[in-house]
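Enquirer: Would you be able to build a 3D model of this:
(chains A, B and C)
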Amino acid sequence: MTIIINEDLCKGCGYCIEICPVNYLRDSKKINKKGYKLPETNESNSCTLCKRCELLCPEMAIDVVKEEA
Amino acid sequence: MKSSSELRKKYLREDLMPTMFCPGCGNGQVLNYTIRAIDDLNIPQEKLVFVSGIGCSSRLPAYIEADGIHTTHGRAIAFATGIKVTNPDLKVIVFTGDGDLAAIGLNHFLQAVRRNIDITVICINNETYGMTGGQLSPTTPVGYTTTTSLYKNIEFAFNLSFLAKAAGAIYVARWTTAHSTQTINSIKKGLQKRGFSFIEIISMCPVNKKQFKDPTENLRFFLDNTIKYSKKVLDETSARVFNDYNECFTADYTGKIIIGEITDIDKPSFHDLYHNLKERSLNEFWNTKGE
Amino acid sequence: MKAPSIDEILEPKLQFVTGNEAIVYGALLANCRFFAGYPITPATEILELMMKYLPILEDGYCIQMEDEISSLAAIIGASWNNYRTMTATSGPGFSLMQENIGYACMTETPCVIADIQRSGPSTGQPTKAAQGDIMQARWGTHGDHYIIALYPNSVQENLWLTIRAFNLADKYRVPVILLSDAAIAHTRERLKIPFQKEIDIIKRVPVTIDKENYHPFRTGYTLPTKVPEMDKFGDKYLTYLTGLTHDWKAYPSTENAEIHEQLVKRFYEKIADNREDIIIYEAKYIDESDIIVISYGISSRTALMAVEKARTKGYSVGYLRLITIWPFPHDVVYELSQEIKRFIVVEMNLGQIYHKIKEHARGNCEVDRLNSIGGNIPSPKSILNKIKSARLSDEIFE
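Expert: Okay, the predicted model is just below:
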């Protein structure tokens, strides 16, 4: 699975990081044009496609996409 | 579940993005839920009308690609009444906040419930006046410190959902912004009911409410500190269940937030009854004309 | 059951009715099909009659709302469903409506607001006539804005000016205040009711541009006018309305002084550019008169009696009745001021239009006043004495 985060829309609130049940997302230390801290996925590949991050995002900035093998 | 980017393209005015809301603001989450609800129901975009009052939550209609009317403080439901009555085919959704609805707009809210006007009111309740800097509102819990309750709030808070139920609303649900699926389902249900539906969503104001260090703490609080509505919590007038009111003034007391579907009944809507009224008026007119 | 036509309801064609009834008949003939109101003396009959007639008409709706604020809110909302809408109130309710009048001005929503004036301030004398809301009709709501206000002086004129009010509202996308007073509202006079086909209905400027290029506040596309095309809710054109300062795309633009100036000035210009079309007044005996009595509404009736009596006694006096109160016919006043010696402004208040006359007479002639408050219509005798007397009133209430 891939988590695509729209960098222009993200405001770095951290909900996606907090809500992920398998801790797939973390703070990336990267900052977007507006100065917000962006999240990123870790190397674990543990996404279960639950889409809680996509549902909870206040900016609708996350797309959870099922990547074909 | 449709993807966010697809939904944004279809429903949002992308040249106005990103929204004016602060990072972590519940308004953005309610926007997310509302878009998903109307998309799931396949409501044609031309038939939607969003009405709002004044406040941060009332800024939502600007972002949605649909007819919208951003009105005066507290009067959104009165405008919505005029819109819905003269065109019952429209799906009228009102976005409002706790100050807009429960303070200045309380009368219009209760009267529209009483008339059972077929609109769906989504009240984004962050228990404060967010846009003006965090003053106390009729839903601020007792004991809270805000910019206008520096010595702790001594006024008891409304439970808007119970008020709506007591006034006769046919569908009332109460969730928090952390309860995404439940909120989406309630909005869908409310849109399909024939009459006044009220969905109250407890939200946060990350910038002006100082109770939490950052938004994720508030989110965690919503997830861990709720209590499902049941007959046992029936007598609570407050939005939260407390053991002892006195503790509010001495401790950092927050109570448990009541959530759930509070009521789900059926009753003839204003339009259904007005339709019958028109029949009666015509009968009377032609009868007297014949004389 | 079939809904009757308006002609079938308004029968017979010659009736003996009150001023309030004439307003209702005029509104129904003008295709008003939504009314929301709140009971208040002396306007209650308008609400009651609308509650009686509107359900009988096709697509007609009428609601008694919980207060005047929500009444005006409901009619503004309904106006956006391509309805001609109206509400009616008196002084205390008119004061409550001011915020939403500003909202109607800002969103350029057509609607008609009848203010059946009664003696004030505050609760005042609910059953007595007065003309105390004249300045409030112009400046009651905050900020720079423009409205149109009409003031008929008879039951027959009530009917025709109500129709005119709806036409002006739709043509210029502005709330129109229809002024009246407790006297005319409850006086019975002969009313000749026209057939619906005799009425001219002026329609709103329709949206004709394609959907991709539609923006709610673009002007000049369908017609060369400063009035934007008006959409309605529920069709393919998606319209956003806000009370915030907005650009022609209707997006809130509060940080831009230029956009604000353009918007607010356009509110003025769309009315000011069309004064010839909007302003009507009645002038009698003004050629070669030394004195002109100016009045409007109920007091104009006794003023005319006094003027005609004075003329039989040889006084060179004329009569000017304002029918459109706002926009104010300042050019007429200025022109006349250069040819006469004295204006006498007769009003049932302590001087409201008086100040406008004084302003536009620009010192060319004297401006005198005759005021009558407390519910007493200025008597022809007192006006005649004023015409005869050479002494000006000394007290001025600012």
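
Enquirer: which residues in the stretch 1-150 of chain C form helices?
Expert: C:6-9, C:19-29, C:44-53, C:68-79, C:91-107, C:134-139 (DSSP state H, counting those that start in this stretch).

Enquirer: and if you look at chain B?
Expert: B:4-11, B:26-40, B:60-63, B:76-86, B:98-99, B:106-115, B:160-167, B:180-192, B:215-224, B:247-250, B:270-290 (DSSP state H).

Enquirer: Lowest average pLDDT across those?
Expert: Lowest mean pLDDT within these: helix B:247-250, at a mean of 62.

Enquirer: Mind pulling up the pLDDT for residue 15?
Expert: You didn't pick a chain, so chain A it is. Residue A:15 is given a pLDDT of 95.

Enquirer: you looked at the wrong chain, it should be chain C
Expert: 97.

Enquirer: what sits against it?
Expert: C:21, C:190-191, C:193 (CB atoms under 8 Å, 6 or more residues apart in numbering or on different chains). (Each C-beta comes from the backbone N, C-alpha and C, glycine too.)

Enquirer: Recalculate using a threshold of 6 Å.
Expert: Contact analysis of residue C:15 by CB atoms under 6 Å, 6 or more residues apart in numbering or on different chains lists residue C:191.

Enquirer: Distance check, the residue in chain A that chain C sits nearest to against residue C:58.
Expert: Of all residues in chain A, residue A:34 sits closest to chain C, at 17.2 Å by CB to the nearest CB. Residue A:34 sits 54 Å away from residue C:58, taking CB to CB, to the nearest Å as the criterion.

Enquirer: So for stretch C:235-254, first residue to last residue, what's the gap.
Expert: Terminal residues of stretch C:235-254 lie 28 Å apart, using CA to CA, to the nearest Å.

Enquirer: If we go by neighbour counts, what in that stretch is buried?
Expert: By 16 or more other CB atoms under 10 Å in any protein chain shown, the buried positions in stretch C:235-254 come out as C:237-248, C:250-253.

Enquirer: still on that earlier bit, counting neighbours, go ahead and name the busier of residue A:34 and residue C:58.
Expert: residue A:34 (13 against 10; other CB atoms under 10 Å in any protein chain shown).

Enquirer: helix, strand or coil for the more buried one?
Expert: coil (DSSP: H, G, I helix; E, B strand; the rest coil).

Enquirer: if we can go back for a sec, can you tell me which of the helices of the stretch 1-150 of chain C is most buried?
Expert: Across these, the average number of neighbours (mean count of other CB atoms under 10 Å in any protein chain shown) peaks for helix C:68-79, which reaches a mean of 30.

Enquirer: Could you export the helices of the stretch 1-150 of chain C as JSON lines, including distance to chain B and mean pLDDT?
Expert: Below are the helices of the stretch 1-150 of chain C laid out as JSON lines (distance: least, CB to the nearest CB, whole Å; pLDDT from 0 to 100):
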{"stretch": "helix C:6-9", "distance to chain B": "8", "mean pLDDT": "95"}
{"stretch": "helix C:19-29", "distance to chain B": "13", "mean pLDDT": "98"}
{"stretch": "helix C:44-53", "distance to chain B": "8", "mean pLDDT": "97"}
{"stretch": "helix C:68-79", "distance to chain B": "3", "mean pLDDT": "98"}
{"stretch": "helix C:91-107", "distance to chain B": "5", "mean pLDDT": "97"}
{"stretch": "helix C:134-139", "distance to chain B": "18", "mean pLDDT": "97"}
